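J.: How does the following fold in three dimensions:
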Amino acid sequence: MTRAIDYGNLMHKAMRGLIQEVLASVAKDGLPGQHHFFITFDTMHPDVEIADWLSDRYPGEMTIVLQHWFDNLEVTDEGFAVTLNFGDNPEPLFIPYDAIKTFVDPSVEFGLRFETQPEKAEEEDAPMTEMAEPKPARGAAEVVSLDKFRK
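T.: The predicted model follows:
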């Protein structure tokens with residue numbers, strides 16, 4: 001039997017640990033400076049907890065923005081919970097780390113993309129580049145497609 005080091009899965013684990021550490025810091029101390037996050041996740045992941053109307057409206061994937069207003073950010077080893085405002089309706093969400101497809105902080109042009117392929121799940125992370133800085137409305141969560149910012 002041939003054994004190999006699974007660098008792809010090791011990188012995913014390390015990058016999800018990085019996301020956990022960043023979110024835990026934000027939960028404790030708030031967002032520093034101009035930092036903010038675009039987090040795209042798989043709405044069909046079995047452990048994602050979002051309102052039915054959100055999963056109906058965004059089947060497959062959804063991008064949330066943590067910037068001006070968010071509440072009850074709780075970070076665990078499995079994922080994070082946060083309450084966001086959707087048109088003056090606060091909605092609690094729980095997003096496991098393995099449901100995250102992209103994590104972007106455009107204020108410092110940092111991004112991670114987690115890709116899976118049918119034959120071989122969990123390929124290595126590809127850094128995202130050329131991030132634009134959209135301006136979500138203050139006090140409201142905004143769902144955006146990152147595709148419109150790619151060249």
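J.: Spatially central, which residue of this structure would that be?
T.: Ile39 (2.6 Å; Cα atoms, centre = their mean).
J.: And that residue, what's its pLDDT?
T.: pLDDT for Ile39: 94.
J.: Make sure I have this right: it is in a strand.
T.: Yes. Under DSSP: H, G, I helix; E, B strand; the rest coil, Ile39 sits within a strand.
J.: For the longest helix seen in the chain, what is the distance to the chain centroid?
T.: Longest helix of the chain, by residue count under DSSP state H: helix 7-29. Computed by Cα atoms, centre = their mean, to the nearest Å, the chain-centroid distance of helix 7-29 equals 11 Å.
J.: Remind me what that helix packs against, helices and strands.
T.: Helix 7-29 sits against strand 71-75, strand 79-85, strand 100-105, strand 110-113, with contacts defined as 3 or more Cβ pairs under 8 Å, 6 or more residues apart in numbering; DSSP states H and E. All C-beta atoms are positioned from the backbone trio N, CA, C, and that covers glycine.
J.: Looking at the ones you listed, which is nearest to Tyr7?
T.: strand 110-113 (15.4 Å; Cβ to Cβ).
J.: any idea how far the closest one is from the chain center?
T.: Chain-centre distance of strand 110-113: 10 Å, with Cα atoms, centre = their mean.
J.: That one - what's its average pLDDT?
T.: 90.
J.: which ones are touching the residue nearest to the centre of the chain?
T.: Residues near Ile39 by Cβ atoms under 8 Å, 6 or more residues apart in numbering: Thr63, Ile64, Val65, Leu66, Ile95, Ile100, Thr102, Phe103, Val104.
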